[in-house]
Every structure is written in C-alpha cells, then in structure tokens.
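Engineer: I would like the atomic coordinates for the input below:
(one chain, ligands or ions: 2)
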Amino acid sequence: MKLEDKDTIQLELSNVSFNYNQQGQSIKIFEDINLKCTAGNIITIMGPSGSGKTTLLHLLALIYKPSTGQIMLNGQEIDFEDIEKIDTLRKTYFGIHTQEILLFEKIGIVENLMIDFEIHSDLPEKEKLDREYLIELIYSLNLNHLLSRKVNELSMGEKQRLSIIRSLISKPKLLILDEPTASLDYDNVLSLIKILNKLRMNKDQITIIFTHDPLFLRYSHQSYRISNYKLNKIEN
Ligand SMILES: Nc1ncnc2c1ncn2[C@@H]1O[C@H](COP(=O)(O)OP(=O)(O)O)[C@@H](O)[C@H]1O
Ligand SMILES: [Mg+2]
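Structural biologist: Numbers count the residues shown, from 1 in each chain. Ligands and ions are numbered 1, 2, ... in the order given. Have a look, this model is predicted:
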C-alpha cells in the first residue's frame, strides 16, 4: 500500500506510553493510551499546564517516538528509524502550530508564508497555493493592515496569528494546533472558530486542538482530558 495514494486519513495511537529520560531518571507522562483520529473530525485535548499536551503533540506529529506502543498513519505503523520517510510524511500531511513560534524575523508576513509553502511545494501531492484562501486567512485573522511590517515588528499575538495561518495555508490533512488562543483576543478567537467551523465541512481532514479553552468543546467531535497519564473522554 502506498500511503500517499490514500484520499482519506487516519492517525492512531495504539497502547502508547511515553517517558522522558532526565539524568538517568524516567519521568512518566503517558501510560498505555489509545486514540483514533479519523477524517472529518475535530479533536480537542484538554489538560492543565504540565499535563502532557505538548508531549502528545510531539507524538502525534511523529517528532517523538513512543516509549512503548505504536503510531499508525492510515493503518501503517510508523517506523521511527526511517527519518527520511517521516520527514516526507510530515511535509505531506501535517500543518502544525506550536507554542514556540519559529518565524523568519527579518522578513514580512507574506514572505514567511511563501517560504513555508516553498518548502512543501516539491511534493506532488500538495495542491498549488490557493491565493484566495491565503488572502481570506490574512483578513479573517486581522493581519491585513500589517503586511508592510517585518516579523520582528509584530506583537506576540500577531506572531501567533501568523503561525496559525502558516499551519493552515497548505490545507493539511492533519492540522495540529497547540494552545492556539493563548494570546488571542476575543475577536480573533471567534475568527479562528469560524475558520475551524469551515474545516468541519472538510471531510478528508483531521484537526487536533490542544487547549485550556472549553470554548472548543462545543465545536469538537471528540474531546479528551489528560489526567493520571491517561486520555479520558469528555462527553459533550
Ligand atoms: N524534555 C523534557 N524532559 C523532561 N521532562 C519534560 C521535558 N519536556 C517536558 N517535560 C515535562 O513533561 C510534563 C509535560 O509537559 P508538556 O507536555 O509540555 O505539558 P503541557 O503542554 O500540558 O503544559 C511536564 O511536567 C514537563 O515538565
Ligand atoms: Mg504545552
């Protein structure tokens, strides 16, 4: 089976445990968790600070290898030794907004987005840049009046919105957002919800949101809370 031929997408954690090794000591974060993310779903994962949200993001984004258990993409187990393949999978499928925002500081908003798109554009599976969508995103997250600025002239919240747009523009099949509303004001939170609501119509995409904000629960198909090293389902 060639993974890239699939129209649909499924990402699954199967009996995954994860420990950090810190100076010879093992720190348990997850124990035997299962999660099935299927196309067309928005999945919200909540948990207090330090509970493991960003760690789980790193697992789902194939950055961390589980200590035990498997991660499956479209039914195929990820081989964490095959770095090249993982790199291709990540470029092909994933759009990620992380808490640590890495942008090119000395250039502008559009240039930053273009560089990111270029990185992905060598992949035949990727569609061409949808300029209308890009403009729509820039307007809906209120960055349109800042297009002449360099990134180092933007506020934290503006950088965060830029990072969110960057995760969205290539229309990834797997969109993962780590605390996307951390420094957004109410209007921008509503704009983000509107964008995510549109994505709900997109039946071949998975959205995973790590957040403190219970607002997202209303818009989710599956919700979980991290506690005691487990993922506990939240009944909506
Ligand atoms: N590289 C690391 N080495 C050891 N412990 C870590 C490392 N990264 C995070 N942790 C610890 O793992 C726990 C979960 O962290 P994290 O996933 O960042 O939580 P959250 O995103 O929910 O705030 C925390 O107690 C944190 O201190
Ligand atoms: Mg975090």
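Engineer: which residues are contacting the longest helix seen in the chain?
Structural biologist: Looking only at the chain and at elements set by DSSP state H, the helix with the highest residue count is helix 186-200. By CB atoms under 8 Å, 6 or more residues apart in numbering, the list of residues contacting helix 186-200 from outside reads 40, 42, 137, 140-142, 157, 161, 164, 168, 175, 180-181, 184, 205, 207, 209, 213, 215-216, 219. For glycine as for every other residue, the C-beta is placed from the backbone atoms N, C-alpha and C.
Engineer: taking the mean pLDDT, what do you get for it?
Structural biologist: On average, the pLDDT along helix 186-200 is 88.
Engineer: what's the helix or strand for the residue of the chain found nearest ligand 2?
Structural biologist: Across the chain, no residue is closer to ligand 2 than Thr54, which sits at 3.3 Å (CB to the ion). Following DSSP states H and E, the helix or strand that holds Thr54 is helix 53-60.
Engineer: Spell out which parts of this protein neighbour ligand 2.
Structural biologist: For the chain, the residues found near ligand 2 under the criterion CB under 5 Å from the ion are Lys53, Thr54.
Engineer: And the residue nearest the centre of the chain?
Structural biologist: Geometric centre of the chain, nearest residue: Ile176, 1.3 Å, by CA atoms, centre = their mean.
Engineer: Find me the pLDDT at that residue, would you?
Structural biologist: Per-residue pLDDT puts Ile176 at 97.
Engineer: The one 5 residues further on too?
Structural biologist: Note for Thr181: predicted pLDDT of 92.
Engineer: So it belongs to a helix, correct?
Structural biologist: No. When classified by DSSP: H, G, I helix; E, B strand; the rest coil, Thr181 is found to be coil rather than part of a helix.
Engineer: if we can go back for a sec, skipping adjacent residues, who's closest to the residue of the chain closest to ligand 2 in space?
Structural biologist: Among residues not flanking Thr54 along the chain, Asp178 sits closest, at 5.8 Å (CB to CB, 6 or more residues apart in numbering).
Engineer: Give the bridge partners for that neighbour, please.
Structural biologist: When assigned by DSSP bridges, Asp178 has beta-bridge partners Phe210.
Engineer: wait, isn't it in contact with Leu56?
Structural biologist: No. Asp178 is not in contact with Leu56 according to CB atoms under 8 Å; the separation is 9.5 Å.
Engineer: Those two: who's more crowded?
Structural biologist: Taking other CB atoms under 10 Å, Asp178 and Leu56 do not tie; Leu56 has more neighbours (27 against 23).
Engineer: can you map out the helices along the protein?
Structural biologist: Taking DSSP H as the criterion, the chain carries its helices at 53-60, 83-93, 109-121, 131-140, 156-168, 186-200.
Engineer: and the second one, how far out from the chain's middle?
Structural biologist: What it means is helix 83-93. Here helix 83-93 is found 15 Å from its chain centre; the criterion is CA atoms, centre = their mean, to the nearest Å.
Engineer: Name the residues of it that come out as buried.
Structural biologist: Ile86, Leu89, Arg90, Lys91, Thr92, Tyr93 (16 or more other CB atoms under 10 Å).
Engineer: The third one now?
Structural biologist: By neighbour count, and taking 16+ other CB under 10 Å as the criterion, the buried residues in helix 109-121 are Ile109, Asn112, Leu113, Met114, Asp116, Phe117, His120.
Engineer: Now list whatever residues contact both of Asp178 and Leu56.
Structural biologist: Both Asp178 and Leu56 are contacted by Phe210, under the criterion CB under 8 Å, 6+ apart.
Engineer: Need the residues that contact the worst-scoring helix or strand of the chain on mean pLDDT.
Structural biologist: Across the helices and strands of the chain, mean pLDDT, DSSP states H and E gives its lowest value to helix 109-121, namely a mean of 82. Among residues not part of helix 109-121, those counted as contacts by CB under 8 Å, 6+ apart are 91, 103-104, 107, 126, 129, 134, 138, 143, 146-147, 149, 151, 154, 162, 165-166, 169-170.
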